[in-house]
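Colleague: Need the 3D shape of this:
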Amino acid sequence: MQQNSRPLADFSGYQLLFFLALFFLIPPKKTFAQDTTYYESYKNYLTTRLYTSRKYTALTVLDKFDDSRWRFEPNSNLNLGVGATYNDVTLNIGLGFGFMNPERGRGDTKMLDLQAHIYPKNFVIDLFAQFYTGYYLRRLDDEIFTLNPVLYPDLTVRMFGANFQYLFNGDKLSMKAAFLQSARQKKSAGSLLAGFEAFGGFADNRGLFFPEDRVPLNRNFSRLGFFQLGPNAGYVHTLVFLKHFFITGMVSANLDLGKNYLDMAERRDFRWSAQPNFFARGFLGYNSPKWSINANYVRSYVRMSTVDDFNPAFITGNYRINLIYRFLPGLKLQRYLDYVEPSRYLPSKWRQKTKN
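Modeller: Have a look, this model is predicted:
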């Protein structure tokens, strides 16, 4: 089988992601203290968790020639894991155990899915680096394949992205309370958000994407790719009720300018365009000073422009259920935790600004 010799970074904009990250991770010159009547931060507490989660990156392709819709999904695991958050540092370790992932004839997927969702006081930062090989055809038009689906063992997906947003009402609304549970929202609050995002990636089947009886050779393709970036804006709100229960919803929309391409049998077709995308998150649960149980879901939808009647999109998701316990570490443990305190390594003039 012929191997793909093209380099991973065949998109001119990948280098931008690094510089965008540096720009937004520099602490701002002025921040406002949190309003403790709205939320309580558990700084210097160790927030431990037992969780179950699943990550995935699906690929959908709409063929506008005959209005057929294809959805390819990885056979990703449902994981069981443990983790901890100390101030602004979080570490989670999860494994997909056999009893949680019975064989369903969906083939094998080799994957490394790195998703970082970071919530400094006035920012929302999402970073993605996703590596998948091995998919199956989950859906074609209205037919869902639950038994013996068509396997795509050579289908390879690589996707990289970054999303940066400013949280305008970060003194009253805590995203850490919803996602990391290293804080507790005590009163309902909402906030507008604004920022920008950049995404790039490709999908390569090392052969034709579709069966020739459905898509003829002169229309078929073997690889698609894209790079896009643009501004976004959204709104987030946390509703607190019965003192300890909460529901948080966040939606942002964006308009990205980018280039995407299809590798046909004898040529590469491409197109520049502006595309609307969206990013949604939902959180709900119970949160007390020591204990929390909650569920959350993060979903990103990245659409590409139509080339040769094909309109692809990447759908990235992460859903999780957490059981949380918080406590103040003892002196022996505290000495080790101090080494992972981020402010320890910042210049002295920035340390005061990061306390909240």
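Colleague: Now D338, what are its backbone angles?
Modeller: phi -60, psi -30 (degrees, to the nearest 10).
Colleague: Would you check how far apart it and Y38 are?
Modeller: Relative to Y38, D338 is positioned 29 Å away (Cβ to Cβ, to the nearest Å). C-beta here means a position set from N, CA and C on the backbone, and glycine is covered the same way.
Colleague: out of the two, which sits in the more crowded spot?
Modeller: Taking other Cβ atoms under 10 Å, D338 and Y38 do not tie; Y38 has more neighbours (19 against 13).
Colleague: can you pull out the helices in the stretch 51-200 of the chain?
Modeller: 175-179 (DSSP state H, counting those that start in this stretch).
Colleague: can you give me how far stretch 102-111 is from the chain middle?
Modeller: 22 Å (Cα atoms, centre = their mean, to the nearest Å).
Colleague: List the buried residues of it.
Modeller: R106, G107, T109, M111 (16 or more other Cβ atoms under 10 Å).
Colleague: in the stretch 1-150 of the chain, which spans are strands?
Modeller: 39-41, 46-63, 68-74, 79-86, 89-95, 110-118, 123-140, 143-144 (DSSP state E, counting those that start in this stretch).
Colleague: want to try a markdown table for the ones you listed, with mean pLDDT as columns?
Modeller: Converted to a markdown table, the strands of the stretch 1-150 of the chain look like this (pLDDT from 0 to 100):
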| stretch | mean pLDDT |
| --- | --- |
| strand 39-41 | 93 |
| strand 46-63 | 95 |
| strand 68-74 | 93 |
| strand 79-86 | 93 |
| strand 89-95 | 88 |
| strand 110-118 | 89 |
| strand 123-140 | 92 |
| strand 143-144 | 74 |
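Colleague: do you know which of those strands lies nearest L257?
Modeller: Within these, the stretch nearest L257 is strand 123-140; the backing value is 19.1 Å (Cβ to Cβ).
Colleague: Spit out the contact partners of the residue most central in space within the chain.
Modeller: Centroid-nearest residue in the chain, with Cα atoms, centre = their mean: Q115, separated by 5.3 Å. Neighbouring residues of Q115 by Cβ atoms under 8 Å, 6 or more residues apart in numbering: K55, D126, L127, F128, Q130, V298, T316, N318.
Colleague: Kindly recompute the last result at 10 Å.
Modeller: 55, 57, 126-130, 161, 298, 300, 316-318 (Cβ atoms under 10 Å, 6 or more residues apart in numbering).
Colleague: Can you tell me how far the nearest residue to V157 once chain neighbours are set aside is from T238?
Modeller: Distance criterion Cβ to Cβ, 6 or more residues apart in numbering; nearest residue to V157, sequence neighbours excluded, is Y132 at 4.4 Å. Y132 sits 33 Å away from T238, going by Cβ to Cβ.
Colleague: again with V307
Modeller: 41 Å.
Colleague: The two - which one has more neighbours?
Modeller: Neighbours per residue (other Cβ under 10 Å) separate V307 from T238, with T238 holding more: 24 against 20.
Colleague: T52 is in contact with N92, correct?
Modeller: No. In this structure N92 lies outside contact range of T52 using Cβ atoms under 10 Å: 11.3 Å.
Colleague: quick one on the thing from earlier: could you dump the strands of the stretch 1-150 of the chain to JSON lines with distance to D171?
Modeller: JSON lines is the format used below for those (distance: least, Cβ to Cβ, whole Å):
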{"stretch": "strand 39-41", "distance to D171": "9"}
{"stretch": "strand 46-63", "distance to D171": "21"}
{"stretch": "strand 68-74", "distance to D171": "40"}
{"stretch": "strand 79-86", "distance to D171": "21"}
{"stretch": "strand 89-95", "distance to D171": "22"}
{"stretch": "strand 110-118", "distance to D171": "18"}
{"stretch": "strand 123-140", "distance to D171": "13"}
{"stretch": "strand 143-144", "distance to D171": "46"}
